[in-house]
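J.: Task: produce atomic coordinates for the following.
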Amino acid sequence: MNAPTCLPTVYESIIHMLADAASCSPNSVALQCGEETLTYAEYASCVGTLARSLTQFLHKNPRIVLVASNSVRMAVTMLAVQAARAQIVPVNPAYTDRELAEIFDDADPALVLCDATVFERVNNVLEGLASQVVCLSLSQDELSLMNLRRQPFSALPLPMPSAADTACIQYTGGTTGRSKGVEITHGQICINVSQREASLPTRPDTEVVLCVMPLFHVFATAMCLHLTLYCRGRLVLLPEYHVADALAAIATQRVTILPAGPTVFSALLAHPHFRTTAFNSLRICFSGSAPLRPEILEEWERRTSTRILEGYGQTEAGPVISYMRESDVSCVGSVGIPLVLTEVQIVDSADSERVLPVGERGEIRVRGPQIMSGYRNRPDETATTLRGGWLYTGDIGFIDAAGRLYICGRKKEMAVVGGYNVYPREIEEVLCTHPEIREAAALGIPDPYRGEVIAACVVLGRDSPLTASVLQKYCGERLASYKIPRFIEFTASLPRTSLGKIDKACLMRQFFDASPSRNDLAAK
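T.: Numbers count the residues shown, from 1 in each chain. Modelled structure (predicted):
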């Protein structure tokens, strides 16, 4: 792929990136998770072997769902799907049966691969769908990492994917209550990697990147898996995020780059092992997914002598839009300037064609080569979000005189809970399936640790004995844990605007602006 002169190398596909890393640094450790490691030569060979095995399932369609937690095997599997010229659909293994069924139904995959720990549950969900889909455990012999390593060296299959091929379908919450599949091509991903590299350059064959986030999340894929592959570094994966393990890994693995969400930095600072952890190898940290509180940023930099560079992105934007540069003077609250070849404008929320002047708040729209192709099976929502070559983000912000972007809130109704997007409409629909609930409203409220948590106001049927704890358990059977309302209030009626819509601003003032609710019953 011919790169614009303002960019470093832009690869044709993620698999071209892997091939180049295996050629240049075959004996360097590429992946590490606990005691398991793979060199770049082994990485490419395992990907090639598994890719050839997967092609037998792709006669129906080119999509493979992966329901897994962090491991060397997960990283290999993600790239093997793409090396087979198929589309990877990464899914959170903590999703409930209802959430999984919605994604499986929309993705219509040829195959589902999953961890052994969730195999029975995933297979049961698939059996309830109309279409017949094969489900395989990643632990069975032919798919296991041990078996892949035993095989003779296997070159990556040809032809490799092209820039125009869809590489990934990343499901993100929907305002309609159902997840939307964001379709991203190899070209969009690879140019975004190079855009990020132009602004935040790595050191080839040197970096050690710690991945504390789940690889099914787009932030971890972009800022850990792809970043490390590009610079031929070593990716250290935590199978599960535990604060003490993360601190130990930073010191013992000589980590140089730490990408993480705000809750991670907050938890690390609060842990008793923090003051005895050696941070001298760490040279830079990246924060995204949600706003970072200024006091956390300042304390981290003071105690570790390492900067946290905040950025802004969306799944629909490939995902990175802007970042603070290492050379930039610290500017609390800013998510930096747009990446090269990325144009950001602030437009009137009511008139999307009217561009607003410096300092004025409005909706953020973005244009660049990394923007998604669209939403799978959702032409109307694609047409609403992509207009005239622009991605309308639904976020509210402003740009200062220096060109720095600031995020102020959201036009679309959404909460960000610990870095995960949560759409209140989905929670409301689940609540209203309970036979004793007449009406419900959900909203995001500020939380010092998670950024936001979900709160709900519920109108019960006459004489219902339903309690908050019982209702939380009901939600827990239908929603991932971070979507469960942390605060629940019961009310006789929900306030309405003059147009008849539920007045959530009034609910916020009435129930959640004061001290924490007595109905804070979230599982710890």
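
J.: For this structure, give me the ranges with low pLDDT.
T.: 1-5, 174-177, 497-500, 514-524 (pLDDT under 70).

J.: Got the domain ranges for it?
T.: In the domain annotation for the chain, the residue ranges read 8-185+210-238, 337-412, 415-512 (automatic domain parsing).

J.: Is it possible to get TSV of these that adds distance to residue 264 and mean neighbour count?
T.: Any C-beta I mention is one placed from the backbone N, CA and C, and that applies to glycine too. Converted to TSV, the domains of the chain look like this (distance: least, Cβ to Cβ, whole Å; neighbours: other Cβ atoms under 10 Å):
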stretch	distance to residue 264	mean neighbour count
domain 8-185+210-238	6	20
domain 337-412	19	17
domain 415-512	8	18
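
J.: export these to CSV and tack on distance to residue 201?
T.: Rendered in CSV, the data for the domains of the chain read as follows (distance: least, Cβ to Cβ, whole Å):
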stretch, distance to residue 201
domain 8-185+210-238, 8
domain 337-412, 12
domain 415-512, 25
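
J.: Contacts only, for residue 291.
T.: Under the criterion of Cβ atoms under 8 Å, 6 or more residues apart in numbering, the contact partners of residue 291 comprise 262, 310, 407, 451.

J.: now the strands for the stretch 51-200 of the chain?
T.: Remark: strands assigned in the stretch 51-200 of the chain by DSSP state E, counting those that start in this stretch are 63-67, 87-91, 111-114, 134-137, 166-172, 180-185.

J.: To residue 22, which of those strands lies closest?
T.: strand 166-172 (18.6 Å; Cβ to Cβ).

J.: Check for me that residue 43 belongs to a helix.
T.: Yes: secondary structure of residue 43 (DSSP: H, G, I helix; E, B strand; the rest coil): part of a helix.

J.: quick one: it and residue 77 touch, right?
T.: No: in this structure, residue 43 is not within contact of residue 77 by Cβ atoms under 8 Å, at 11.8 Å.

J.: Quick one: residues contacting the closest residue to residue 222 other than its chain neighbours.
T.: If you skip the residues right next to it in sequence, residue 222 has residue 319 as its closest partner in space, 5.5 Å away by Cβ to Cβ, 6 or more residues apart in numbering. When contacts are counted by Cβ under 8 Å, 6+ apart, residue 319 is found next to 192, 218-219, 222, 313.

J.: How about residue 257, nearest residue that isn't a chain neighbour?
T.: The shortest distance from residue 257 to any residue that is not its chain neighbour, by Cβ to Cβ, 6+ apart, is 4.6 Å, and that residue is residue 209.

J.: Checking residue 505 next. Helix, strand or coil?
T.: helix.

J.: Now do it against residue 441, distance only.
T.: When distance is defined by Cβ to Cβ, to the nearest Å, residue 505 is 11 Å away from residue 441.

J.: Does residue 347 touch residue 361 like I think?
T.: No: with contacts counted by Cβ under 8 Å, residue 347 stays clear of residue 361, the gap being 10.7 Å.

J.: if we can go back for a sec, could you dump the strands of the stretch 51-200 of the chain into JSON lines with distance to residue 123 added?
T.: As requested, the strands of the stretch 51-200 of the chain are exported to JSON lines (distance: least, Cβ to Cβ, whole Å):
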{"stretch": "strand 63-67", "distance to residue 123": "11"}
{"stretch": "strand 87-91", "distance to residue 123": "14"}
{"stretch": "strand 111-114", "distance to residue 123": "8"}
{"stretch": "strand 134-137", "distance to residue 123": "5"}
{"stretch": "strand 166-172", "distance to residue 123": "20"}
{"stretch": "strand 180-185", "distance to residue 123": "22"}
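
J.: Check which helices and strands the host helix or strand of residue 50 is in contact with.
T.: Taking DSSP states H and E as the criterion, the element that holds residue 50 is helix 40-54. Under the contact criterion of 3 or more Cβ pairs under 8 Å, 6 or more residues apart in numbering; DSSP states H and E, the helices and strands touching helix 40-54 comprise helix 14-24, strand 29-33, helix 72-83, helix 145-150.

J.: Please consider this matter closed, and thank you.
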